[in-house]
Structure formats: structure tokens, C-alpha cells
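[1] Structure for the following, please:
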Amino acid sequence: MAQAKVRKRRQETPPAKVMAIVAHPDDAEFACGGTVARWTREGSEVHYLVCTSGNKGSKDRRMTPHRLAEIREREQMAASRVLESRR
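    Alright, predicted model coming up:
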């Protein structure tokens, strides 16, 4: 029976500082949330730069852009606390 080759995971030193630059609130969590969580756990200082307010995209006709932006900001801050990034 042939033995399967096992690839050893290369141990990498996490970066000291990281900036995740994304277009919309929640993009970072979808794109690199696992990596951010790992790096913060390993001591990296992570910062987010979210380029838009997230004030668009609701199908609720009663939702105002201002109110939606406030909701998106609270959601983004909560997500960054979970991942322990700097705000």
C-alpha cells in the first residue's frame, strides 16, 4: 500500500501590523476574517479601513441611508471586536 505524502504546514511569523482596506462594511469578514482572527490571536495589530458607509442596499422602503449607515457602523464595530482588530 502506497503511503500518502503529508505536507507540513510552513510556520510563518505573523505580521506585526496589518491594515485591511475594504470597500464595504463586512467585506473584510467575508474576505479575510479567518486570517484576521488568526493573526490577532498570534499578536498582530490589525486595523480596518472601510471606504464606504454601507448606507445603500436595503430593500426596506422605510430605511433611510443615514439610519442604515449607523446600523452598518455598529455591525462593523461589533465584528472588529470579535476579531480583536483595532478601530
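
[2] Against which helices or strands is the longest helix seen in the chain packed?
    The residue-count maximum for a helix in the chain (DSSP state H) belongs to helix 65-83. On a contact count with 3 or more CB pairs under 8 Å, 6 or more residues apart in numbering; DSSP states H and E, helix 65-83 meets helix 27-41, strand 45-50. Every C-beta, even on glycine, is put in place using the N, C-alpha and C of the backbone.

[3] tell me the angle the first one makes with strand 45-50.
    I take that to be helix 27-41. 170 degrees (axes from the mean of the first three to the mean of the last three CA atoms, to 10 degrees).

[4] what's helix 27-41 packed up against?
    By 3+ CB pairs under 8 Å, 6+ apart, helix 27-41 packs against strand 17-22, strand 45-50, helix 65-83.

[5] C-alpha coordinates for it, PDB please?
    Only the C-alpha atoms of helix 27-41 are listed here, as PDB (Å, rounded to 0.1, in the frame of the first residue of the first chain):
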ATOM      1  CA  ASP A  27     -16.200  42.800   3.200                       C
ATOM      2  CA  ALA A  28     -13.200  42.100   5.500                       C
ATOM      3  CA  GLU A  29     -15.100  39.400   7.500                       C
ATOM      4  CA  PHE A  30     -16.100  37.600   4.300                       C
ATOM      5  CA  ALA A  31     -12.700  38.000   2.500                       C
ATOM      6  CA  CYS A  32     -10.200  37.500   5.300                       C
ATOM      7  CA  GLY A  33     -12.000  37.100   8.700                       C
ATOM      8  CA  GLY A  34     -10.200  33.800   9.400                       C
ATOM      9  CA  THR A  35      -6.800  35.200   8.700                       C
ATOM     10  CA  VAL A  36      -7.500  38.400  10.800                       C
ATOM     11  CA  ALA A  37      -8.700  36.200  13.700                       C
ATOM     12  CA  ARG A  38      -5.500  34.000  13.500                       C
ATOM     13  CA  TRP A  39      -3.200  37.000  13.200                       C
ATOM     14  CA  THR A  40      -4.700  38.800  16.200                       C
ATOM     15  CA  ARG A  41      -4.600  35.700  18.200                       C
END
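
[6] for it, the distance to its chain's centre please.
    On the basis of CA atoms, centre = their mean, to the nearest Å, helix 27-41 is displaced by 5 Å from the centre of the chain it belongs to.
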